[in-house]
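**Student:** Here is the input, now give the coordinates:
(one chain, ligands or ions: 1)
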Amino acid sequence: MKLATKLIHGGPTVDQQTGALGVPIYQISTYRQTSVDHFSKYDYARGDNPTREALEDTIAVLEGGTRCLAFASGMAAISTTLMIFSPGDHLVVCDDVYGGAYRVLSTIFSRMGILSTFVDATNLAAIEAAVRPETKGIYLETPSNPLLKVTDLRGAAAIARRHGIISLVDNTFMTPYLQRPLELDCDIVLHSGTKFINGHSDVLCGFAVVRDTELGRRIRYIQNAFGTGLGPQDSFLTLRGVKTLKVRMDQSQQNTLKIVAWLKQHPRVTAIHYPGLPEHPGHVIHNSQADGPGAVFSFELDSYETTKRLLENSHLAAFAVSLGGVESIISYPAKMSHAALPKEERERKGITDTLVRLSVGLEDPDDLIADLQQAIG
Ligand SMILES: *Cc1c(COP(=O)(O)O)cnc(C)c1O
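**Tutor:** Numbers count the residues shown, from 1 in each chain. Got it, this is the predicted structure:
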């Protein structure tokens, strides 16, 4: 079955009770038992809920995993999954990891004795050099945020195999439609389903997907123990959202290519970071591991005045955090995702005061270009 078909038919598609073409919202917390000796599969909704399960089964199929667990947010998925590690364990993490992941690693997991070393993951030698005897995991994101830096996932997975440690990949920017890290021999795929997977900017959700059943059992144990699973209403909305993932990604990506081509010849645009461009340093590696460059990119403008004018005068692309919705979203990493970093540290990472990130939605690309044109001036 190809992915477009899996999106529609990959998970449970029919309600067994009624034949309804979809799994209903089981807005219920507990289940009646009939035997004192054998409780049925469902007993309490922190552990199991049929609507959540339908979503989990669908995402597991899309990523090529044996098991997916759905969480109340991307950060709930990431934090719960990181609880498989123990005090004394060490992690190697890409240095431009999502801000929320950086925060839990550097302020919470560090306090519990799980330490991280942040490295430039575009360089496999830097990953390997950071591995210590107590290293238990390599945590990656590719393309990264906001500079769209690319990590060689096959190479990183091979390093993890060689050292007998776990590789984790946040696949939010790509979605399983464009990139499937488990097929490249990575161990755990993480998602903020809030973004492209749900795609309508109306739900927070997250996923952890694995091939190894024992790893799945361990994450599931913590999900139930912590109570970080996704609620039934949000599971239903995400199930509905994901069905159109292919058509949304295809159109958003096509729009992105058109906008990038237009920005490239704009005199006020000084650089564009997008793995779809042949001159992008990660272009070849990205094409070897993903089926498309996606619908998020960042670019630099000639001055702070131009940047401010663009952000404040863009009418179609909303000036907001987040990405991956049907509507275009323009964001300002220096004051949004990376505001917590000191200015020098930020600039050293390339996150300047003239960098903006665009998540391209489903509007007509000509309208988006006209709007950007009037805003940039
Ligand atoms: C948004 C995001 C997250 C966090 O997800 P939430 O659903 O907001 O908790 C994690 N990783 C990436 C790459 C993201 O864009």
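
**Student:** switch to C-alpha atoms for all contacts and neighbour counts from now on
**Tutor:** Will do.

**Student:** Can you give me the first-to-last residue distance of stretch 319-335?
**Tutor:** 12 Å (CA to CA, to the nearest Å).

**Student:** mean confidence score for it?
**Tutor:** Mean pLDDT, stretch 319-335: 95.

**Student:** Buried ones in it, by neighbour count?
**Tutor:** Within stretch 319-335, the residues scored as buried using 16 or more other CA atoms under 10 Å are 319, 322-334.

**Student:** And for stretch 169-185?
**Tutor:** Neighbour counts over stretch 169-185 (16+ other CA under 10 Å) mark 169-182, 184-185 as buried.

**Student:** Just the C-alphas of that stretch, formatted as PDB.
**Tutor:** Output of stretch 169-185 as PDB, limited to C-alpha atoms (Å, rounded to 0.1, in the frame of the first residue of the first chain):
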ATOM      1  CA  VAL A 169      14.600  11.800  15.600                       C
ATOM      2  CA  ASP A 170      12.100  14.600  15.800                       C
ATOM      3  CA  ASN A 171      10.400  14.300  12.400                       C
ATOM      4  CA  THR A 172       7.900  17.200  12.800                       C
ATOM      5  CA  PHE A 173       9.000  19.300   9.900                       C
ATOM      6  CA  MET A 174       8.900  16.400   7.400                       C
ATOM      7  CA  THR A 175       6.000  14.200   8.600                       C
ATOM      8  CA  PRO A 176       6.000  10.500   7.600                       C
ATOM      9  CA  TYR A 177       4.800  11.500   4.100                       C
ATOM     10  CA  LEU A 178       8.300  13.000   3.300                       C
ATOM     11  CA  GLN A 179      10.700  11.200   5.700                       C
ATOM     12  CA  ARG A 180      10.500   8.000   7.600                       C
ATOM     13  CA  PRO A 181      13.500   7.700  10.000                       C
ATOM     14  CA  LEU A 182      12.700   4.200  11.200                       C
ATOM     15  CA  GLU A 183      13.300   3.000   7.600                       C
ATOM     16  CA  LEU A 184      16.800   4.600   7.800                       C
ATOM     17  CA  ASP A 185      17.400   2.500  10.900                       C
END
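
**Student:** Show the subsequent helix or strand relative to the lowest-mean-pLDDT helix or strand in the chain.
**Tutor:** One helix or strand of the chain scores below all others by mean pLDDT, DSSP states H and E: helix 343-348, with a mean of 88. Counting by DSSP states H and E, the element after helix 343-348 in chain order, helix or strand, is strand 355-359.

**Student:** now the residue of the stretch 101-250 of the chain at minimum distance from the ligand, which residues is it bridged with?
**Tutor:** Here the residue of the stretch 101-250 of the chain nearest the ligand is Ser192; by CA to the nearest ligand atom that distance is 4.1 Å. Counting by DSSP bridges, Ser192 is bridged to Gly206.
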